[in-house]
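Asks: Here you go, sequence then predicted model.
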Amino acid sequence: MALRDTLARVDADLAAGRVPVARQRLRGLVSSFPNDLMLRRRLAEVYRLYGEPAEAGRWMYLEQDRDAAETSAFEARYHTAPLRMRALAWHGPESLARTDFAREQLAAVRAACSDAMGRPVDWDRVPSGGKANRKGNAFAEFLAGAGCVVAVLAFLAIWVNGLVALFD
């Protein structure tokens, strides 16, 4: 379906009060055309209808006329640079952005993410953000591993008990 046709359907959905359908169509368009700032702006407008300032801030993050409260809500929800970089869902180099402000924002997020990860990153291989927050996860990972070991041992004990009962 062509971009123009899908946007016409979004407009019809909004006029009919089908905001969730319009939001889903716009999410699909932004996924297909991640560097189109106009689509991001339209998606932010729909999230405003939902009363979702963090998501509106997410999709307006590359616009100079963005709302400061929405930007703060977005930055609070996606509190690390790797999470923010992933949330912005940009593809390709910053030079693809149509405005200087968007290029500067994208470069700043990528630089902060590179600092947090300890290595250069780019928009085509966005990190998951897990390594930036690994300090608090070591104990949780230990507990998960210990739980797996206990589960395997319990299974083996039940299996051995069954074998003993079978031959008694």
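Replies: Great, that's in hand. Numbering: from 1, shown residues only.
Asks: quick one: low-confidence parts of the protein?
Replies: 1, 129-136 (pLDDT under 70).
Asks: Could I get the full set of helices for it?
Replies: Applying DSSP state H to the chain gives helices spanning 3-15, 19-32, 37-50, 53-60, 68-77, 81-88, 100-117, 137-167.
Asks: who wins for proximity to residue 126 among the ones you listed?
Replies: helix 81-88 (5.0 Å; C-beta to C-beta). Where C-beta positions appear, they are placed from N, C-alpha and C, glycine not excepted.
Asks: Show me what the closest one is packed up against.
Replies: helix 68-77, helix 100-117 (3 or more C-beta pairs under 8 Å, 6 or more residues apart in numbering; DSSP states H and E).
Asks: Distance to residue 52 and mean neighbour count for these - can I get that in JSON lines?
Replies: Formatted as JSON lines, the helices and strands packed on helix 81-88 follow (distance: least, C-beta to C-beta, whole Å; neighbours: other C-beta atoms under 10 Å):
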{"stretch": "helix 68-77", "distance to residue 52": "9", "mean neighbour count": "16"}
{"stretch": "helix 100-117", "distance to residue 52": "20", "mean neighbour count": "17"}
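Asks: Next, name the residue at the spatial heart of this structure.
Replies: residue 87 (3.4 Å; C-alpha atoms, centre = their mean).
Asks: residues contacting it?
Replies: 58, 74, 78 (C-beta atoms under 8 Å, 6 or more residues apart in numbering).
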